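[1] Let me see the structure of the following:
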Amino acid sequence: MKILHFTVMVILSFGVSGCFEDSKRDANSTQEMTSSMKDQEQKCNSGDYEACSDLAISYEDSGSQDKSKIAQYYKKGCDGGDLLGCNNLGILYEDGEGVEKDPSKSAQLYKKACNSGYALGCYNLGVLYDDGVGVEEDKFKAVELYTRACDGEEPLGCNNLGVMYYRGEGIAKNVDKAIELYKEACDGEEPLGCANLGDIYDGVEGIRPDAKLSKEYYEKACKLGDDYSCKKL
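    Numbers count the residues shown, from 1 in each chain. So this is what the prediction gives:
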């Protein structure tokens with residue numbers, strides 16, 4: 001039996017759009033980065049709460065070890081209604097960086113983001129319910145949250161929902177549905193979804209092996225940065 005890949009990490013999102021894939025920011029020089037941060041600080045102080053979260057990200061990208069300042073700007077963004085700020089502040093509470101470690105506070109922040117339509121917040125909250133961290137373990141609730149994340153076009157949510165269907169945890173086992181969800185995740189450039197499809201077609205219970213298709217999915221996952229899939233080629 002192949003072991004399918006299940007994401008257990010909580011994802012930190014970057015960028016004004018809230019898409020964690022947009023984590024890289026171009027900075028041609030330290031001077032340019034400093035100028036950009038000053039501009040973000042001015043906007044933040046003027047009530048642009050997205051700029052507050054952006055400033056926190058810029059501090060992280062610059063390698064700043066002042067985690068309390070990073071947390072401060074994410075909190076200011078979140079308090080002003082920026083959902084990316086709420087999600088990322090939740091990460092800091094879960095890891096105990098810049099704030100006292102408090103997974104239950106993380107859950108509250110992810111819930112706030114999720115209930116306002118931020119799909120990655122739903123995914124992160126689903127992980128907590130799945131693992132019983134900061135909340136009581138509840139596989140059914142995890143399925144509900146992964147579904148909301150997937151419906152919100154967050155590919156990680158689709159992947160994890162697929163794993164739940166494959167394992168029959170929190171929902172009736174349905175391998176065909178799992179495959180459908182892995183494909184949705186893979187199409188969304190999530191390497192774990194592609195890797196899971198590689199495993200599926202490499203030969204799992206009830207599925208006819210397809211070496212060509214398996215290789216194609218492993219290759220895509222590898223190109224997207226999945227080391228496991230690279231080793232399978």
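[2] Give the buried residues for the longest helix anywhere in the chain.
    Ranked by residue count and defined by DSSP state H, the top helix of the chain is helix 30-45. Residues of helix 30-45 classed as buried under the neighbour-count rule (16 or more other CB atoms under 10 Å) are M33, S36, M37, Q40, E41, K43, C44. Quick note: C-beta positions are derived from backbone N, CA and C, even for glycine.
[3] got these as CSV, with pLDDT columns?
    Output for those, formatted as CSV (pLDDT from 0 to 100):
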residue, pLDDT
M33, 63
S36, 90
M37, 92
Q40, 94
E41, 94
K43, 96
C44, 96
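[4] which residues are contacting stretch 66-75?
    For stretch 66-75, the surrounding residues in contact (CB atoms under 8 Å, 6 or more residues apart in numbering) are 44, 52-53, 55-56, 59-60, 64, 85-86, 88-89, 92, 97-99.
[5] at 7 Å what do you get?
    Counting by CB atoms under 7 Å, 6 or more residues apart in numbering, the neighbours of stretch 66-75 from elsewhere in the structure are 44, 52-53, 55-56, 59-60, 64, 85, 88-89, 92, 97-99.
[6] And for stretch 135-145?
    With contact meaning CB under 7 Å, 6+ apart, stretch 135-145 is reached by 107, 114, 122, 125-126, 128-131, 161, 164, 169-171.
[7] now the angle from whichever strand or helix holds C78 to helix 30-45?
    When secondary structure is defined using DSSP states H and E, the element that contains C78 is helix 67-79. Interaxial angle of helix 67-79 relative to helix 30-45 (axes from the mean of the first three to the mean of the last three CA atoms, to 10 degrees): 40 degrees.
[8] any idea how far A142 is from I171?
    I171 sits 10 Å away from A142, taking CB to CB, to the nearest Å as the criterion.
[9] Give me the common contacts of these two.
    M164.
[10] Give the helix, strand or coil label for E153.
    Assigned state for E153: coil (three-state reduction, DSSP: H, G, I helix; E, B strand; the rest coil).
[11] right, and it touches G117 too?
    No: in terms of CB atoms under 7 Å, E153 does not count as a neighbour of G117; the distance is 11.2 Å.
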